[in-house]
Every structure is written in structure tokens, then in C-alpha cells.
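# Coordinates for the following, if possible.
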Amino acid sequence: MDSTSFIGSAIDQVINISEIIINAITVAIDWASAFLWGWPLIILLFGTHLYLTWRTGFIQKFIFKAIKISFQKDKGAEGDVSQFGALATALAATIGTGNIVGVATAVSMGGPGAVLWMWLTGVFGIATKYSEALLSVKYRVQKESGFAGGPMYVLERGLNMRWLGIIFAALTAFAAFGIGNMVQANSISELSFKTLGINPHVAGIILAALTALVILGGIKSIATVCEALVPVMAVVYIIGALSILIMNYSTLGNTFYLIFDSAFTGSAAIGGFAGAAMKEVIKAGVSRGLFSNESGLGSAPIVAAAAQTRNPVRQALVSSTGTFWDTVVVCALTGLVIVNSGFWSDPELNGASLTAEAFTHVGEIGPYLLTFSLLTFVFSTILGWSYYGEKAAEYLFGSKVLLPYRILWVIFVYIGSVQTLDLVWDFADLANGLMAIPNILSLIMLSKILKSETEKYMDDI
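I've put the predicted structure just below:
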């Protein structure tokens, strides 16, 4: 064998070995992600929701007061953005494809009853979102770039566990590029190509340019855009979904009965739907609800720490409304539309295809509502998660990393628009779930402080 053939053969072997290693890593990460987002995370997060609901004295009873103060300015308070600006940015990151496609996935897996269990994660998750924000504001610090906070600072300053704060920040900085960047960008480019015929490269360039215009200005620029975008996209979707349900009001009674009945008895086989045992119904609803509202993952409190607020409880209440709007309202409406359509029992439909059928067979409003909502939901998620990622990177490397991180974020928006990177997405999904572990540890270990701070400041909101 001559040297050229030997080198060629060696290169082929290296390539084959590399492919085997990559495939093995992909399978391992996919298994770990599926395992983590199964019963372990369900028990950990939902159990924490219930515990903190009790520890905070059922903080959910203040939800309407919280909604009221979220639209008020806290004059004279310290912070980088208004309370509503912080809430809008958090909602921008939270309300995304999970509110539309994720709900359909839950119904496909568990049947109509999954909608009720998803809704319950929102009701009890309000307490966890409240607790996260309270601690983040209490332990926030002021840097050259502005206020900084989140679970990493809570772990460092509240529990003297900087090493765990570093782990959380590293997971957040990496997960952001997957769940908050490339996954979202790819969704927009695919939708733009299917509905408008726009080339993915063109869509990627436009999306990257729009993202750069917003995020290069920092949190104030992001919050300003989110304050304008989030209310519009949420109101349009809520009114649109309600209009669809009103047009089908004659079957709404049966829809509610089907959801409540199957939530506690399991879903019987209907049409092509194979049916689901009660534990499958619970798992489907709770897991997708947790994934959607992110209560307990530790992401939203990062931006809560930047809010102008006179005390931690006030901003914590405002932040808790994020879970209310995301899951108790938006996810619930999506679930009602999907179950009411009857398409959930079709075995050929799952996730995005089920959502499309449910929304496009209810008159002219459906397709336009779905397209508008997906585009705006996904773009807003890119903006919100960019802030989470950069603050995590700042914790690790200091303020000097902010501009390079933002530039890298814009570049990856384009990459995500034109390429499918399954390994990166799977690892980011795993990292996203792992973020919950150190965050929940801090919530439980500091629950006494949560209770005392709530009692101390509740009269001053």
C-alpha cells in the first residue's frame, strides 16, 4: 500500500470512528434528557411547587393584586428597567413554541386530561416563580453594567456556594444557545419557508439583523421592545383563541367534561387515539406545563433582579404573574382549542401538525392567528433568553464578555436558521433541565427567608 492510500484509509477510519463516537454521545444525551424531563424533574419541580405554596401561605391568593401592580411604576426604586419591563422580558422568553406546539404534544401523549394537569402546574408554579424572584432581588448586586442577579448570586451570597453558582451559570449560558436561540430561529425559518416561501438563508439574515438591533443595546433596549411586543402578541392570541372557542361554543361543554373526566380516569381509546393510563396523562400534562412556564428552572429571576422595585416582595409578585399568563391562560386556551377541534384523536397528528389542523379548520382566522403567534412568540423568546445567557456569562467572566456574547448570539441566530444541530439541541435541552437542581436547592434551603421576607414586606406593596 502506497503512502497516499494509507493516508486516505487512515482518514476514512478516523471519520468512521468520529461518527460512531458522535452517534454514541447523541444517544446518551438524548436518553439522559428524556430521563431527566420525565418523572425525576416532574416530582422535583411539582413537589417544590406544592411545598412553596404552603411555605408562602398560598401566595396565589394575591395574583390579582400582583397583576394590578405589574402595570404600576415603583417611583424612586432602584433598578435598570421598570417592573413591567422585567415582566415583559421574562414573558418574552417564557411564552414560545411550548405554549402552542408543546400543548399539542401533551395532548397527543396523554389525551385531553393532560390539559388540566398542565393548568395545575401553572396554578401551583406561581409560588415557585414568586420565590425565585424574591431571592434574586434580595441577593442581587450592582455592577458597571447594571444590576445583576439570579440563582447564581442566590447560591453564592445566600448559601455561600459559589461553586454551585458557577455550575448553574455555565448550564444557563450554554442552554440559552439551544433552547433560546437556535431552536427558536430554526422554527421561524421553517415556518417562513412553508407559509411565505422565504429562503432559510434570507430569513436567517433578517432575523439575525433584527436581533442585533435589539440586543446590542442591552437590557433597556430588550425591555423596551418586549414591553411593546409582548402585550400585543399575547392579546392577539388570547382574543383569537377565544374567538375560535366562541365559534364552537356548542361543543364547549363536552370539551370541558372530556378534559376533567380523563384527567382523573385516564383517556380511553377514541378514534385512532390509543388511550392513556392516568399516570401517562399526568406525566404528559405536568412535564409540558413545567417546560412551558419554566417555574423552578431559575431563568426568569435573572431579569427580575434588574427591575426597579422598592422591596423584593413587590417584584416577586409581579414576576409570579408570568406563570399565570403563560400557563393558566395561554396554555389553557391552546389546550381547549385543540381538544375542542377533535383532531387530537387522529394518530397521524402530533405536535406541530396537530396544532396546525386544530387552528386551520376553524375558519379564516385560524391560520393567520397561528402564523402570527408562532413568529412573534419565537422572536420574543430569542430576545428574552439572550439576556439570561449574557448575565450567566457575565457571572463567569465579568462584564467584558457582554459584547462578544451578544455578537456570538446574533451569529448563532443565523446558524440556527439554516442548519439542524440535533446534538447541540439535545444537550441544551438537558442543560436546561439540569438548571433546576441547584435552583430548587436554594429555594428549599432558603425557605425560611422566603417566609420572613414575605411577612416583612407584604404590607408595603
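
# Grab the nearest non-local neighbour of the spatially most central residue of the chain.
The chain has T94 as the residue nearest its centroid, 3.8 Å off, counting by C-alpha atoms, centre = their mean. Among residues not flanking T94 along the chain, D326 sits closest, at 5.0 Å (C-beta to C-beta, 6 or more residues apart in numbering). To be clear about C-beta, it is placed using only N, CA and C from the backbone, and glycine gets the same treatment.

# And for that neighbour, the neighbour number?
By other C-beta atoms under 10 Å, 27 other residues sit near D326.

# one step back: is it correct that the residue nearest to the centre of the chain is in contact with G384?
Yes. Assessed by C-beta atoms under 8 Å, T94 is found in contact with G384 at 7.3 Å.

# which stretches of the stretch 1-150 of the chain have low pLDDT?
Residue ranges of the stretch 1-150 of the chain with pLDDT under 70: 1-12, 14-15, 18-19, 22, 76.

# what ranges do the helices span in it?
3-36, 39-55, 63-69, 83-94, 101-110, 114-138 (DSSP state H, counting those that start in this stretch).

# before we move on, what about the stretch 301-450 of the chain?
Going by DSSP H, counting those that start in this stretch, the stretch 301-450 of the chain shows helices at 312-323, 332-341, 352-360, 365-397, 402-418, 422-434, 436-445, 447-457.

# which one of the ones you listed is the most hemmed in?
helix 312-323 (a mean of 29; mean count of other C-beta atoms under 10 Å).

# N293 - how many residues pack around it?
Counted with other C-beta under 10 Å, the neighbours of N293 add up to 31.

# That one: what's it in contact with?
T94, T121, G122, G125, K129, G322, T323, D326, T327, C331 (C-beta atoms under 8 Å, 6 or more residues apart in numbering).

# Tell me which two of those sit farthest apart.
Farthest-apart pair in these is K129 and C331; separation 14.4 Å (C-beta to C-beta).

# Give me the distance between L191 and M118.
23 Å (C-beta to C-beta, to the nearest Å).

# can you check G197 too?
The gap separating G197 from M118 is 34 Å, by C-beta to C-beta.

# Between these two, which has more neighbouring residues?
Shown here are G197 and M118; by other C-beta under 10 Å, M118 has more neighbours (31 against 7).

# returning to what we had before: in a markdown table: the helices of the stretch 1-150 of the chain, plus distance to N311.
Output for the helices of the stretch 1-150 of the chain, formatted as a markdown table (distance: least, C-beta to C-beta, whole Å):
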| stretch | distance to N311 |
| --- | --- |
| helix 3-36 | 35 |
| helix 39-55 | 19 |
| helix 63-69 | 12 |
| helix 83-94 | 12 |
| helix 101-110 | 34 |
| helix 114-138 | 8 |
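
# For A208, which of those helices is the nearest?
Using C-beta to C-beta, the helices of the stretch 1-150 of the chain put helix 83-94 closest to A208, at 17.5 Å.

# That closest one versus helix 312-323: what angle between them?
Orientation check (axes from the mean of the first three to the mean of the last three C-alpha atoms, to 10 degrees): helix 83-94 against helix 312-323 gives 40 degrees.

# name the helices or strands packed onto helix 83-94?
Applying 3 or more C-beta pairs under 8 Å, 6 or more residues apart in numbering; DSSP states H and E, one finds that helix 83-94 contacts helix 218-247, helix 300-304, helix 312-323, helix 365-397.

# tell me the contacts of V329?
Going by C-beta under 8 Å, 6+ apart, V329 touches I238.

# per the record, what domains does the chain have?
Annotated domains of the chain cover 1-31, 37-457 [automatic domain parsing].

# Now the terminal residues of the longest one, how far apart.
The straight-line separation of the ends of domain 37-457 (C-alpha to C-alpha, to the nearest Å) is 36 Å.

# One more: stretch 339-351?
Criterion C-alpha to C-alpha; first-to-last residue distance in stretch 339-351 is 13 Å.

# Identify the residues contacting that stretch?
Contacts of stretch 339-351 (C-beta under 8 Å, 6+ apart): 101, 104-105, 107-108, 111-112, 115, 244-245, 248, 251-252, 255, 258-259, 270-274, 338, 354, 357-358, 361-362.

# before we move on, the earlier item: out of the domains of the chain, deepest packed?
Highest mean neighbour count among those (mean count of other C-beta under 10 Å): domain 37-457, with a mean of 21.

# what separates that one from the chain centre, distance-wise?
Counting by C-alpha atoms, centre = their mean, to the nearest Å, domain 37-457 is centred 3 Å from the centre of its parent chain.

# Begin at 38, not 1, for the rest of this chat.
From this message on, residue numbering opens at 38, which makes the last subject domain 74-494.

# Could you list the low-pLDDT ranges of the stretch 288-437 of the chain?
305-306, 308-313, 399-400.

# Export the contacts of N330 as CSV, with columns for distance to P188.
CSV is the format used below for the contacts of N330 (distance: C-beta to C-beta, whole Å):
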residue, distance to P188
T131, 16
T158, 20
G159, 21
G162, 16
K166, 13
G359, 16
T360, 16
D363, 19
T364, 21
C368, 24
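
# Among the residues you listed, which one lies nearest to K320?
For the contacts of N330, the closest approach to K320 (C-beta to C-beta) belongs to T158, at 11.6 Å.

# Tell me the spacing between the closest residue in space to the closest one that isn't next to it in sequence and S304.
With sequence-adjacent residues excluded and distances taken as C-beta to C-beta, 6+ apart, T158 is closest to G326, at 3.3 Å. Separation of G326 from S304 (C-beta to C-beta) stands at 17 Å.

# hmm, back to that, got the contact list for the residue nearest to T158?
So G326 contacts A143, W154, M155, W156, L157, T158, G159, G162, T364, C368 (C-beta under 8 Å, 6+ apart).

# For it, give its distance to W74.
Taking C-beta to C-beta, one finds G326 at 12 Å from W74.

# Q97 too?
To W74, Q97 is 25 Å away according to C-beta to C-beta.

# Then I276?
Going from I276 to W74 by C-beta to C-beta gives 32 Å.

# How about K257?
According to C-beta to C-beta, K257 and W74 sit 34 Å apart.

# now do T292
According to C-beta to C-beta, T292 and W74 sit 28 Å apart.

# What of I281?
For I281 relative to W74 (C-beta to C-beta), the value is 30 Å.

# what do you get for L201?
In terms of C-beta to C-beta, L201 sits 21 Å off from W74.

# One more: Y274?
Distance of Y274 to W74, computed by C-beta to C-beta: 25 Å.

# picking up where we left off before, so whichever strand or helix holds the residue nearest to T158 versus helix 151-175, what angle?
Element membership of G326, judged by DSSP states H and E, is helix 315-330. Counting by the same axes, to 10 degrees, helix 315-330 lies at 40 degrees to helix 151-175.

# Between the two ends of stretch 427-442, how far is it?
6 Å.

# Go ahead and name everything in contact with that stretch.
With contacts defined as C-beta under 8 Å, 6+ apart, stretch 427-442 is touched by 180-182, 185, 187, 189-190, 202-203, 205-207, 209-210, 213, 253, 255, 339-340, 426, 443, 446.

# Repeat that for stretch 90-109.
Here stretch 90-109 makes contact (C-beta under 8 Å, 6+ apart) with 120-121, 124, 160-161, 163-164, 167-168, 351, 354-355, 357-358, 361, 484, 487-488, 491, 498.
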